[in-house]
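In: Model the structure of this input:
(2 chains)
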Amino acid sequence: MIDHLFRHQYGKMVSILTRIFGLANLETIEDAVQDTFATAILSWRDKIPENPEAWLTKAAKNRTIDLFRKLNAEQKRVHTINQGPEVIAINDLFLENEIEDSQLRMIFTACHPDLNPKEQIAFALKTISGFSSKEIASALLLKEETIKKRLTRARKTIQVETISFEIPRGKELPDRLSRVLEVLYLIFNEGFHSNRKDILIRKELCGEAVRLCKIILKNEYTNQPSAYALFALMCFQSARLDSKVNEYNEIVDLKNQDRKTWYSPLIVLGNRAMTKAVKTDVFSAYHYEAAIASEHLKAITFDQTDWDKLLMWHERLYELQASPFTLLNMTLIHLQKGNLKSAKQFLTKINPKDLEQRAYLYYGTQAEYYIEKKETQKAINSLNSALELVTNESERNYLLKKKALIK
Amino acid sequence: MKEFMMIFIGASYSDIGLSPEEMQGQMGKWFAWNAEMEKAGVVKGGHALHPEVKRISGKDRTITDLASTEVKELVGGYYIVTANNYEEVVKIAEGYPDYDLGGTVEIREIMVFEQ
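Out: Below is the predicted model of the structure:
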């Protein structure tokens, strides 16, 4: 059977049923879909059906009708879907393109500006991606209680604000789409930059972001250049996801990654998306980030990296989005170029506090600077500061290894 | 050869709150176990049971409808297998997928009456 079939099917079914019953019934819908799987397990015990997906869809459809009857009986609503054109309309919603449309509506709901970003991520992973709160907590390195609270708040906001289950059109679309892309970007980065040791969970988060981005690209209104750029970026980064950790679960930095293991089909896919992404006069931050990622992939060896070009992309990115992380990368590029004075200049522009829980990266970079300057004691001091702030074990080991090499 | 019943006892997957991914994993295990038993040719039959329970008890034949969560030891299904003795069935029952989820297997020999 297809990997993650149940999980993906969960998101599809919840989306279709929400389109039929409305967001007000979301919780009932999620329970009903969950039941469909329990039934599937029992009835598939002896023989898995030839087309499990169709089986599940049919079960969901039947479940829909049951559910509708139940809701009608409880709330005395006068909807009747047992006869006439409404049955046909519901059948249509189970067609492939309509399923995608429903999922897209759910993505826009999850990323609605009335929800805060943390709730958006949790809600999207639960409702569209079919993760349980336990799985979300584990992937994001948070407590399950925290995720449950976020989900409850998100659901409540959706009820109170009576958010409509639609794909925004016209003037509203650009802002709403950019919020969606941002949430997908955050989900991807949770996987890509995660401190989690378990590479499988990290891959799942990245894979989920890619899958949702594909849904965005399939719709003629939402397949904007920025969405293509984000998709390209995800492809480029995913191509070297495996090489970021070695068999002992140790972090491998870009310099030491085995470039032969970078997954070329994803690079090809990314390049193809990039050609569509650049058909615009306005470049997004994703355009520049994708360009940066692609530049690294182009270099056959670390020493052959085109640092000048990388610096240019970073400068453009910084003009668009003044992030301290970009400054940090620019510092590192200057160090690679042997340009210590400029490196120092960039480093002093950064306030480590702006990097929040990744402030240790600042001290790590500072240490690199002192190593290049051959000021051993200062380098060790910086590494000690970094070690005080780092919480993740593999990052800590990486820093300790670096420190041992200086001595 | 004798016949035995393996009775599966434990909360339903919906009540445990398994995620879709976990359910799919669990299903794979059921499927693998079943295939293994089929190959050995030991299965004579079996059924999965709906979690809803209608209980009739007492001399007044009182009828109670129970939700699955209200039943302490919920029977989820059974298999009938052929084997020479209990030990062989214990061996077969090792493949039952739900031990980690708090599930239990009870093995009972089926009585055969003289004709």
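In: B:G77 belongs to a strand?
Out: Yes. Counting by DSSP: H, G, I helix; E, B strand; the rest coil, one finds B:G77 located in a strand.
In: For it, which non-adjacent residue is closest in space?
Out: Leaving aside its chain neighbours, B:G77 sits nearest to B:A48 (4.1 Å; criterion: C-beta to C-beta, 6 or more residues apart in numbering or on different chains). Using the backbone N, CA and C atoms, a C-beta is placed for each residue, glycine as well.
In: number of nearby residues for that neighbour?
Out: Using other C-beta atoms under 10 Å in any protein chain shown, the number of residues around B:A48 comes to 18.
In: Repeat that for A:D114.
Out: Residues near A:D114, counting by other C-beta under 10 Å, number 12.
In: swap in the one 3 residues further on?
Out: Residues near A:P117, counting by other C-beta under 10 Å, number 13.
In: Surely it touches A:Y185?
Out: No. Checked against C-beta atoms under 8 Å, the pair A:P117 and A:Y185 is beyond contact range at 10.9 Å.
In: Can you name the residues of chain B that neighbour chain A?
Out: Contact residues (C-beta under 8 Å from any C-beta of the partner chain) of chain B with chain A: B:12-14, B:17-24, B:26-28, B:30-31, B:34, B:48, B:77.
In: Out of those, which end up buried?
Out: For these, a burial check counting by 16 or more other C-beta atoms under 10 Å in any protein chain shown picks out B:12-14, B:18-24, B:26-27, B:30-31, B:34, B:48, B:77.
In: what ranges of the chain fall below the confidence cut-off?
Out: Since no chain was named, I'll use chain A. For chain A, the stretches with pLDDT under 70 are A:46, A:74-88, A:195-197, A:407.
In: switch to chain B, that's the one I care about
Out: In chain B (pLDDT under 70), no residue qualifies.
In: what's the residue in chain B that chain A sits nearest to in contact with, if anything?
Out: Proximity of chain B to chain A (C-beta to the nearest C-beta) peaks at B:S19, 3.3 Å away. By C-beta atoms under 8 Å, 6 or more residues apart in numbering or on different chains, the contact set of B:S19 is A:R7, A:G130, A:F131, A:S132, A:K134, A:E135.
In: ok, 6 Å please
Out: By C-beta atoms under 6 Å, 6 or more residues apart in numbering or on different chains, the contact set of B:S19 is A:S132, A:E135.
In: got it, and the one 4 residues further on?
Out: Residues near B:M23 by C-beta under 6 Å, 6+ apart: A:F6, A:F37, B:Y13.
In: swap the cut-off to 7 Å and go again
Out: By C-beta atoms under 7 Å, 6 or more residues apart in numbering or on different chains, the residues touching B:M23 are A:F6, A:F37, A:A38, A:I41, B:Y13.
In: Could you pick out which of those residues are located in helices?
Out: A:F6, A:F37, A:A38, A:I41, B:Y13 (DSSP state H).
In: from these, which is closest to A:G270?
Out: For those, the minimum distance to A:G270 (C-beta to C-beta) is 28.8 Å, reached by A:F6.
In: coming back round to it: could you tell me how far the residue of chain B closest to chain A is located from A:F6?
Out: The gap separating B:S19 from A:F6 is 9 Å, by C-beta to C-beta, to the nearest Å.
In: So what's the residue count around B:K44?
Out: B:K44: 13 neighbours (other C-beta under 10 Å).
In: wait, it sits on B:V81?
Out: Yes. B:K44 is within contact range of B:V81, at 6.4 Å (criterion: C-beta atoms under 7 Å).
In: Mind checking which of the buried ones among the residues of chain B next to chain A are in helices?
Out: Within these, residues falling in helices by DSSP H are B:Y13, B:S14, B:P20, B:E21, B:E22, B:M23, B:Q24, B:Q26, B:M27, B:W30, B:F31, B:N34.
In: to the chain's geometric centre, what's the distance from whichever strand or helix holds A:C213?
Out: Applying DSSP states H and E as the criterion places A:C213 in helix A:199-218. The chain centre lies 6 Å from the centre of helix A:199-218; the measure is C-alpha atoms, centre = their mean, to the nearest Å.
In: Spell out, range by range, the strands that occur in chain B.
Out: B:2-9, B:43-48, B:53-57, B:62-66, B:75-83, B:104-109 (DSSP state E).
In: picking that back up, mind checking how far the residue nearest to B:G77 is from A:I16?
Out: 26 Å.
In: again, but for B:V42
Out: Distance, B:V42 to A:I16, using C-beta to C-beta: 41 Å.
In: between these two, who's got more neighbours?
Out: Neighbour count, other C-beta under 10 Å: between B:V42 and A:I16, A:I16 has more, with 26 against 18.
In: SS state for the more buried one?
Out: helix.
In: Can you name the residues that contact it?
Out: Residues near A:I16 by C-beta under 7 Å, 6+ apart: A:L93, A:F94, A:I99, A:S102.
In: host element of the last one?
Out: When secondary structure is defined using DSSP H and E, the element that contains A:S102 is helix A:96-110.
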